[in-house]
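Colleague: Sequence unavailable; structure follows:
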């Protein structure tokens, strides 16, 4: 995977397959701490200790259509290669939490990639999912909460083209403010 947004998408899709109703994604970028941190948590089925141990094996997958599960193992490798850390917490019926940290200035730290498109893809593909996204920098933060958005739509589907255009514009503007 060439950028971190693809890791986010893969892990969030795993959450959906694990029957999560809520996926939370937090990205922290700190120049002061020389840190890039990504946390993805869900309220899905979770994993027992045996499955959790196997989940980092690239040749293990719970997916029937393919026998290789590279998502978590590649994210772990990316974090460790960039002088970072990787954590996986999970409990049956309580959900899963994945955290990867990277030394932001490290030459091997992958770019974030197209975060707006990743979020839109999750909304389109899983309109029943509540997605909470928070992006934090040293100066400010941006938050997207689809549960809050849905509460204001009066029955209009969140994945309707008109709503998606508004959400994408909001995401792009919100993330652009983080870069100023």
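Modeller: All right, it came through fine. Note that the coordinates shown come from a computational prediction; the quantities given were computed from them, not determined experimentally.
Colleague: how close does the residue of the chain positioned farthest from its centre get to residue 163?
Modeller: Each residue of the chain has a distance to the centre, and by Cα atoms, centre = their mean the biggest one is for residue 154: 27.3 Å. For residue 154, the distance to residue 163 equals 11 Å [Cβ to Cβ, to the nearest Å]. Heads up, the C-betas are built off the backbone N, CA and C, glycines and all.
Colleague: helices and strands around the lowest-mean-pLDDT helix or strand in the chain, which ones?
Modeller: Using mean pLDDT, DSSP states H and E, the weakest-scoring helix or strand in the chain turns out to be helix 49-54, at a mean of 88. Helix 49-54 is packed against strand 85-91, with contacts defined by 3 or more Cβ pairs under 8 Å, 6 or more residues apart in numbering; DSSP states H and E.
Colleague: Would you mark the buried spots in the longest helix along the chain?
Modeller: Identified as the longest helix of the chain according to DSSP state H is helix 161-178. Residues of helix 161-178 classed as buried: 163, 164, 167, 171, 174, 175, 178 (neighbour count, 16 or more other Cβ atoms under 10 Å).
Colleague: show me what contacts the last one?
Modeller: Yep, that's residue 178 we're talking about. 29, 135, 137, 139, 140, 141, 142 (Cβ atoms under 8 Å, 6 or more residues apart in numbering).
Colleague: let's see it at 10 Å
Modeller: For residue 178, the contact set (Cβ atoms under 10 Å, 6 or more residues apart in numbering) comprises 27, 29, 135, 136, 137, 138, 139, 140, 141, 142.
Colleague: The fourth one now?
Modeller: Contact partners of residue 171, counting by Cβ under 10 Å, 6+ apart, are 115, 116, 117, 118, 119, 120, 123, 133, 135, 142, 144.
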